[in-house]
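**Q** Below: sequence and its predicted model.
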Amino acid sequence: MLYWLTLLSDGGDFFNLFRYITFRAGGAFMTALVFGFLFGPPLILSLRRRQGKGQPIRSDGPASHLSKAGTPTMGGLLIVGALLTSTLLWARLDNPYVWLVVFVTLSFGLIGFLDDYAKVSKGNVKGVPGRVRLGVGFAIALLAAGWASWHHPSELQLQLALPVFKDVLVNMGVVFIPFAMIVIVGAANAVNLTDGLDGLAIMPVMIASGALGIIAYTVGRTDFTDYLGLHYVPGTGEILIFVAGLVGGGLGFLWYNAPPAAVFMGDTGSLALGGALGAIAVATKHELVLGIVGGLFVAEALSVIVQVLYFKRTGKRVFLMAPIHHHYEKKGWAEPQIVIRFWIIALILAMIGLATLKLR
């Protein structure tokens, strides 16, 4: 919205700054951060009053989690509210990729909100049935995948770009649409599975989104893509504004989610943020790189898949408990120890993912 202040510029004054994505990204970050600090306390107070007993705690989970009873959930509303406000203020609203990512984020956030509401109102861990969540999620992802493909340059439509091997494009044809759907839905649910400890999910989300934001800005500039040998996707640079809002809102939320958490993000936040990561990857043609920068989420999801399949086949467990962060809890690791080490892993993977921009 504030971009339109450039109409008041003569090319050399203050209003000219609003032409620059980096300047507006800084504004989006600060707006979201201040939003989090301002509205965090009243939101948490309201959630605590409305939810009473807070998020239901699994009886079969680690015993240490029983002390978390009474902590309110749906804190993802704070993150989504912060990033949405900052995006609407600072991004160009005529950019289709901005609306693509906003659409996916809000849609998956709504699924998560309904799931959280069902859990809180029923007082148990059963929310919206899994098949319903997946069905609606794939419907949203179908619209998003078609939307992204429609706006991609003709030479990139329905193509899969490979990291490192930058001259190679795999023509997937219509198969690209279900592939992109899996990327978006998979990312949403992987982040959802990771959100099991105080502060565990939000920092890796910020790290992964930060890496994707750099990628979005890079592939949206011809000078950078020519130098790095990447595929140019005009317009994706504006996604950096959204990412800056996500990081700012995420930091504001982490202030209240740091151990011991005053609020959980819930499915409202984890599904929304995971969906956003998937949508950014599809928009920027870096679906495979998402598997690297978001490798921590991939590992969490795979640990659940392996555990379930192996147990059904043998009646035994590979991990003491899945997702894998619970395995380390069962082994006696302290919660902050797990969280910080997983943060370090997420940062390393993000750096590896960004390195693929330069490698050939």
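**A** In hand now; what should we look at?
**Q** now the strands for the chain?
**A** According to DSSP state E, the chain carries its strands in the segments 159-161, 169-171.
**Q** check contacts around T222.
**A** Shown in contact with T222 (Cβ atoms under 8 Å, 6 or more residues apart in numbering): Y232. Glycine gets a C-beta too; all of them are placed from N, C-alpha and C.
**Q** separation between it and V233?
**A** Applying Cβ to Cβ, to the nearest Å, the value for T222 to V233 is 11 Å.
**Q** Flag every buried residue along the lengthiest helix in the chain.
**A** Using DSSP state H, we find that the single longest helix of the chain is helix 21-51. Buried residues in helix 21-51, defined by neighbour count with 16 or more other Cβ atoms under 10 Å: 21, 24-29, 31-33, 35-36, 39-40, 43-44, 47, 51.
**Q** again, but for stretch 143-158
**A** Buried residues in stretch 143-158, defined by neighbour count with 16+ other Cβ under 10 Å: A144, A145, W147, A148, S149, H151, H152, L158.
**Q** Tell me how far that stretch lies from the chain's centre.
**A** 21 Å (Cα atoms, centre = their mean, to the nearest Å).
**Q** do stretch 138-150 as well
**A** Taking Cα atoms, centre = their mean, the mean C-alpha location of stretch 138-150 is offset from the chain mean by 17 Å.
**Q** do stretch 316-323 as well
**A** For stretch 316-323, the distance to the chain centre is 26 Å (Cα atoms, centre = their mean).
**Q** Compute the first-to-last residue distance for it.
**A** With Cα to Cα, to the nearest Å applied, stretch 316-323 spans 16 Å between its terminal residues.
**Q** Need the residues that contact that stretch.
**A** When contacts are defined by Cβ under 8 Å, 6+ apart, stretch 316-323 is touched by residues 61-62, 193-194, 196, 300-301, 303-304, 306-308, 310-311, 326-327, 329-331.
**Q** Tell me the buried residues within those.
**A** Counted by 16+ other Cβ under 10 Å, the contacts of stretch 316-323 give 61-62, 193-194, 196, 300-301, 303-304, 307, 326-327, 329 as buried.
**Q** Touching, A276 and T105? I think so.
**A** Yes: shown here, A276 and T105 form a contact pair, counting by Cβ atoms under 8 Å, at 4.4 Å.
**Q** between these two, which one's more packed in?
**A** A276 (32 against 27; other Cβ atoms under 10 Å).
**Q** about what we covered before: can I get the strands of the chain in a markdown table including distance to M181?
**A** Shown next, in a markdown table, are the strands of the chain (distance: least, Cβ to Cβ, whole Å):
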| stretch | distance to M181 |
| --- | --- |
| strand 159-161 | 14 |
| strand 169-171 | 17 |
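**Q** Quick check: which of those strands is buried the most?
**A** Comparing the strands of the chain by mean neighbour count (mean count of other Cβ atoms under 10 Å), strand 159-161 comes out on top with a mean of 19.
**Q** Mean confidence (pLDDT) on it, please.
**A** Per-residue pLDDT over strand 159-161 has a mean of 95.
**Q** likewise stretch 196-215?
**A** Across stretch 196-215, the average pLDDT comes to 96.
**Q** Pull that stretch out as CSV, backbone CA atoms only.
**A** What follows is stretch 196-215 as a C-alpha-only set of coordinates in CSV (Å, rounded to 0.1, in the frame of the first residue of the first chain):
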residue,chain,number,x,y,z
GLY,A,196,6.0,-29.9,19.7
LEU,A,197,8.3,-28.0,22.0
ASP,A,198,8.4,-24.4,23.2
GLY,A,199,10.1,-22.4,20.5
LEU,A,200,11.1,-25.4,18.4
ALA,A,201,9.1,-24.6,15.2
ILE,A,202,9.1,-20.8,15.0
MET,A,203,12.9,-20.3,14.7
PRO,A,204,13.5,-22.9,12.0
VAL,A,205,10.5,-21.4,10.1
MET,A,206,12.1,-17.9,10.3
ILE,A,207,15.4,-19.3,9.2
ALA,A,208,13.9,-21.3,6.3
SER,A,209,11.7,-18.4,5.2
GLY,A,210,14.7,-16.0,5.4
ALA,A,211,16.6,-18.2,3.0
LEU,A,212,13.6,-18.5,0.7
GLY,A,213,13.2,-14.7,0.9
ILE,A,214,16.7,-14.2,-0.3
ILE,A,215,16.0,-16.7,-3.1
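**Q** How about it, which residues are buried there?
**A** Applying a neighbour-count criterion of 16+ other Cβ under 10 Å, the buried positions in stretch 196-215 are 196-215.
**Q** Would you pull up how far it lies from the middle of the chain?
**A** 7 Å.
**Q** what's the answer for stretch 266-282, then?
**A** With Cα atoms, centre = their mean, you get 4 Å for stretch 266-282.
**Q** Please apply the same query to stretch 170-178.
**A** 24 Å.
**Q** What separation is there between K331 and I324?
**A** 11 Å.
**Q** wait, I meant E335
**A** Going from E335 to I324 by Cβ to Cβ gives 14 Å.
**Q** For these two, indicate the residue with more neighbours.
**A** Taking neighbours as other Cβ under 10 Å, E335 and I324 compare with I324 leading, 25 against 20.
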